[in-house]
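**Student:** Have a look at this fold, sequence not included:
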Ligand SMILES: Nc1ncnc2c1ncn2[C@@H]1O[C@H](COP(=O)(O)OP(=O)(O)OP(=O)(O)O)[C@@H](O)[C@H]1O
Ligand SMILES: Cc1ncc(COP(=O)(O)O)c(N)n1
């Protein structure tokens, strides 16, 4: 049995719905062996973030080195990176190793409004990490901060996608989960080769969307680790997150997590 290995560099969510926990659950569900480097420990539940405790930068770097020096990592994902220092050092480290498909989820603010990225880190993200991205997965507010654009219409989304490609990312998927003017959950993909398309799924009326972005990006990373093309990985990750939101678990009394088992159960039923 050959199992592909993926690495997530992200923060821990004690509530288990987002961050490292969402990533590892998603990797496991998709048959990929998950490894991890923690950037911060957060105290979270479905009501929000109660504390953020960053890991020292050399601790983050040593975790990544330990994984990359031993495992043949087929795809890597970044989530909450917290500080400019961590971002700069992670980018420098990744450049030392042969290129690995890199999914950058530019996590900035938790759904509850608490900051997961220091203000000074935004420039470092743009300057050092985005140029290494195989694909970057911003939501609309993150895309607005990183491009400096106001994004409201489909044209704005396309222009912002182009701005990410100009910043050096090979591809971008602009997630539509934060738009209030649409009936569908519509994400827009564009790449440096000029290919673009939209993936759409029916909007689900639910408050249980904690960790949707992490889960989507982790699914995308898993499919890349298994050798899928970028467009195929985006389309399949969309199915994973749709199933996860649609079959919510009703855990906690605030904004609950998504269901990381749902995609696998659906696939089983289809066979
Ligand atoms: N209510 C919903 N119904 C259907 N799909 C949704 C819903 N909310 C988000 N999505 C989808 O989930 C994926 C993640 O998008 P979203 O914009 O929520 O990411 P995010 O804001 O980065 O998530 P996070 O809050 O974890 O940081 C996208 O494919 C988006 O279209
Ligand atoms: C450690 C960590 N990483 C990412 C998120 C974003 O997820 P959400 O916006 O759904 O809170 C989070 N809350 N915590």
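**Tutor:** That came through, no problem. From a predicted model like this one, the values you see are computed outputs, not experimental measurements. Ligands and ions are numbered 1, 2, ... in the order given.
**Student:** What sits closest to residue 48 if chain neighbours are left out?
**Tutor:** Residue nearest to residue 48 in three dimensions, not counting chain neighbours: residue 112, with 3.3 Å by Cβ to Cβ, 6 or more residues apart in numbering. Any C-beta I mention is one placed from the backbone N, CA and C, and that applies to glycine too.
**Student:** right, and the one you found touches residue 45 too?
**Tutor:** No: using Cβ atoms under 8 Å, residue 112 is not in contact with residue 45, being 9.9 Å away.
**Student:** higher neighbour count, the two?
**Tutor:** residue 45 (20 against 15; other Cβ atoms under 10 Å).
**Student:** How much space separates that one from residue 1?
**Tutor:** 37 Å (Cβ to Cβ, to the nearest Å).
**Student:** which parts of the protein sit against ligand 1?
**Tutor:** 18, 111, 139, 175-178, 185, 187, 201, 203-204, 206, 209, 211-214, 216, 238, 241, 245 (Cβ under 6 Å from any ligand atom).
**Student:** same for the top helix by length along the chain, what does it pack against?
**Tutor:** Longest helix in the chain, counting residues (DSSP state H): helix 230-246. On a contact count with 3 or more Cβ pairs under 8 Å, 6 or more residues apart in numbering; DSSP states H and E, helix 230-246 meets strand 184-191, strand 196-202, helix 212-225, helix 262-270.
**Student:** Show me which residues of that helix are buried.
**Tutor:** By 16 or more other Cβ atoms under 10 Å, the buried positions in helix 230-246 come out as 230-231, 233-238, 240-246.
**Student:** residue ranges of the strands in the stretch 51-200 of the chain, please?
**Tutor:** For the stretch 51-200 of the chain, the strands defined by DSSP state E, counting those that start in this stretch cover 73-78, 102-104, 135-136, 171-174, 184-191, 196-202.
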